[in-house]
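*Asks:* What follows is a predicted protein model with its sequence.
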Amino acid sequence: MEDELHNNDKKILSLLINEDSSHFSFTGMKRKLNVHQQSLARALARLEELGLVEKSDAGYGLNKNAEVFTSSSKIVKKPSPIFSKSSINFQLLHASIPVQIEVEHILIGLHGKWFDKYRFVELKKTNNVYALKWINEATSFELTLIIIGNYCVIETNAISGKSRLEAMFGASRIIKEITTILQRKLDDFSVSTIKIDEISLTEHVN
């Protein structure tokens, strides 16, 4: 199978293998690999057809069948942390999620969402830890949201005080969006409870 792969195909597989448990948006992968848009699209189409890469709501990720490829190829799979402490090292905000909610509701609400200058790049999962990454299009620094249970942290690799202040505004927008998602789920739960109570009351009267 390795003979069927082009250079860009191998670049994509190396990225997905070395960034274990990652899913990349098309734009995020394009930025990571510095590959032309049309070349990347063709390479991803080939890899999907070969069953090595699959596309989901979370983005492009490594297909289970790729394990067959990695065991016989020169591409070596190596462990990778969910986020790099060397590049993401300044904590902007941390908060506890005050209500019981499935983390998937938050991930669905945030995945692919832009916040002003901040473009969504990547979603990564390791065990029960989730990391979502945005990049500032103007200055290229990153915001990373880490969710562990009912606790979330937002960090940045911005270096200057001005950039970190700007990152703080971006982090506040993300927290505001999480609050909106939580409120929406609580409202849905309240409506469902009222309907259940109405049905129970009707049955009691009858």
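*Replies:* On my side now, so go ahead. Residues are numbered from 1 along each chain as shown.
*Asks:* how's this protein carved up into domains?
*Replies:* 2-72, 90-200 (automatic domain parsing).
*Asks:* mind listing what Leu47 touches?
*Replies:* By C-beta atoms under 8 Å, 6 or more residues apart in numbering, the residues touching Leu47 are Asp9, Ile12, Leu13, Val53. Yep, even glycine has a C-beta here, placed from its N, CA and C like the rest.
*Asks:* could you redo the last one with a cut-off of 7 Å?
*Replies:* For Leu47, the contact set (C-beta atoms under 7 Å, 6 or more residues apart in numbering) comprises Asp9, Ile12, Val53.
*Asks:* any idea how far the residue nearest the centre of the chain is from Ser160?
*Replies:* Centroid-nearest residue in the chain: Leu123, 1.5 Å away (criterion: C-alpha atoms, centre = their mean). Distance, Leu123 to Ser160, using C-beta to C-beta, to the nearest Å: 27 Å.
*Asks:* ditto for Leu47
*Replies:* Distance from Leu47 to Ser160, by C-beta to C-beta: 39 Å.
*Asks:* cool, Leu93 as well?
*Replies:* Distance from Leu93 to Ser160, by C-beta to C-beta: 18 Å.
*Asks:* Which one's more surrounded, these two?
*Replies:* Remark: of Leu93 and Ser160, Leu93 carries more neighbours, 17 against 10, as counted by other C-beta atoms under 10 Å.
*Asks:* Which SSE is immediately downstream of the helix or strand of the chain with the lowest mean pLDDT?
*Replies:* Using mean pLDDT, DSSP states H and E, helix 66-72 stands out as the lowest-scoring helix or strand of the chain, at a mean of 45. For helix 66-72, the succeeding helix or strand toward the C-terminus, using DSSP states H and E, is strand 90-96.
*Asks:* which secondary structure elements does that following strand contact?
*Replies:* Counting contacts by 3 or more C-beta pairs under 7 Å, 6 or more residues apart in numbering; DSSP states H and E, strand 90-96 packs against strand 151-156, helix 161-205.
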